[in-house]
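Undergrad: fold the stuff below for me.
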Amino acid sequence: MIMAKDKLIGVDLGGTTIKFAILTDKGEVQQKWSIQTNILEDGKHIVPDIIDSINHHLNIYQLSRERIIGIGMGTPGTVDRVAGAVKGGYNLGWANEQDVKGPIEDGTGFPLTIDNDANVAALGEAWKGAGNNDDDVSFITLGTGVGGGLVANGQLIHGVAGAGGEVGHIIVEPNGYECTCGNNGCLEQYASATGVVHLAQDFAEQYVGDSKLKKMINDGDEVTSKIIFDLAKEGDYLANETVDKLAYYLGFAAAAISNILNPSAIVIGGGVAAAGEFLRSRVEKNWQIFAFPTVRTSTKVKLAELGNDAGVIGAASLAK
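TA: Numbers count the residues shown, from 1 in each chain. Next up is the predicted model:
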């Protein structure tokens, strides 16, 4: 009796945790678990840990290995999708190029497909989240950096060297803040969790009025993006000015992407997007100003819907 191949395995590799899920081929999550990422000794434990965890859980769930279609995986860094190797995975301790595909396929017996983590989250949102399984969905993720994934005609845009969809490096302020990439004025320096704080500190220097945020900055208290948004919601003037400026930059970049690709939705996700409708509506207001008229009436600015599951769901879709 030959069993139907009807299960996908998704792996979302992050700097602190590795998330796993077993899904149906229709994208329904059936089991999920996670382990800590062990980045010690140049990250040499990561791949063996992934192999052990998958094999262990297939045994726990008594799932026949014949039913597995394959494994899909999202990872930080630049991914050579053909070779299945990762370059620049610095937050994983991978200073040198790391072979991922070979060892995992050997260790599990399943084919592995791998892509960048922001691309994979975009696939997840496009398939089962805010993208409603449309063929044209653009995704911006706001976290410690700003990442993105662009799905056009049902395919991720990779470009010739894998840098397609690097939306965090759209220049939104010519000659602006210096970026880790070496350029100045990248979106990442304004809309990431650290970028918002940088904006707030700059604004605090010029602002002379009454503000709890200004007092916190002057006192050297720890200020996070969440604190800035919470204070803005409470009506703090400086916090609101900061959020308005972030929304301006994000709306500008989102409109640029929308004008090029005219997706059904431009989806905003990641930690900073936890600010929800409070942020989305302000971004949309700026987006309206910069969007091409036809795009304004056909593309929607939406919040991501899958939260932490976008990565494993999108990763699993790679295995289809």
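Undergrad: which helix is the longest one in the protein?
TA: In the chain, assigned by DSSP state H, the helix with the most residues is helix 237-261.
Undergrad: now for the helix or strand just after it, which elements pack on it?
TA: Next in sequence after helix 237-261, counting helices and strands by DSSP states H and E, comes strand 265-269. The contact analysis (3 or more C-beta pairs under 8 Å, 6 or more residues apart in numbering; DSSP states H and E) places strand 265-269 against helix 117-128, strand 137-142, helix 237-261, helix 277-290, strand 300-303. From N, CA and C alone the C-beta is placed, and that goes for glycine too.
Undergrad: which one of those lies nearest to residue 71?
TA: Comparison of these against residue 71 by C-beta to C-beta identifies helix 117-128 as nearest, at 12.3 Å.
Undergrad: got the angle for that closest one vs strand 137-142?
TA: For helix 117-128 against strand 137-142, the angle by axes from the mean of the first three to the mean of the last three C-alpha atoms, to 10 degrees is 130 degrees.
Undergrad: now helix 117-128, how far from the centre of its chain.
TA: Put simply, helix 117-128 sits 8 Å off its chain's centre (C-alpha atoms, centre = their mean, to the nearest Å).
Undergrad: what does stretch 255-274 give?
TA: Taking C-alpha atoms, centre = their mean, one finds the center of stretch 255-274 at 12 Å from the center of the full chain.
Undergrad: next, the buried residues of that stretch.
TA: In terms of neighbour count (16 or more other C-beta atoms under 10 Å), stretch 255-274 has its buried residues at 255-258, 261-270, 272-273.
Undergrad: quickly list what residue 9 is bridged to.
TA: Beta-bridge partners of residue 9, counted by DSSP bridges, are residue 22, residue 71.
Undergrad: which ones are touching it?
TA: With contact taken as C-beta atoms under 8 Å, 6 or more residues apart in numbering, residue 9 is in contact with 20-23, 54, 68, 70-72, 110, 316, 319.
Undergrad: return the member of the residues you listed nearest to residue 234.
TA: For the contacts of residue 9, the nearest to residue 234 is residue 21 (37.3 Å; C-beta to C-beta).
Undergrad: what separation do you get for the closest one and residue 159?
TA: As for residue 21, its distance to residue 159 is 28 Å (criterion: C-beta to C-beta, to the nearest Å).
Undergrad: those two: which has the busier surroundings?
TA: Using other C-beta atoms under 10 Å as the criterion, residue 21 and residue 159 rank with residue 21 on top: 21 against 10.
Undergrad: tell me where the protein has helices.
TA: Taking DSSP H as the criterion, the chain contains helices spanning 40-43, 46-60, 101-108, 117-128, 188-191, 193-206, 212-218, 225-233, 237-261, 277-290, 293-298, 310-318.
Undergrad: got a markdown table for the helices and strands packed on strand 265-269, with mean pLDDT and distance to residue 225 too?
TA: Below are these laid out as a markdown table (pLDDT from 0 to 100; distance: least, C-beta to C-beta, whole Å):
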| stretch | mean pLDDT | distance to residue 225 |
| --- | --- | --- |
| helix 117-128 | 94 | 18 |
| strand 137-142 | 95 | 9 |
| helix 237-261 | 98 | 9 |
| helix 277-290 | 97 | 10 |
| strand 300-303 | 97 | 16 |
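Undergrad: before I go, just wanted to say thanks for your time.
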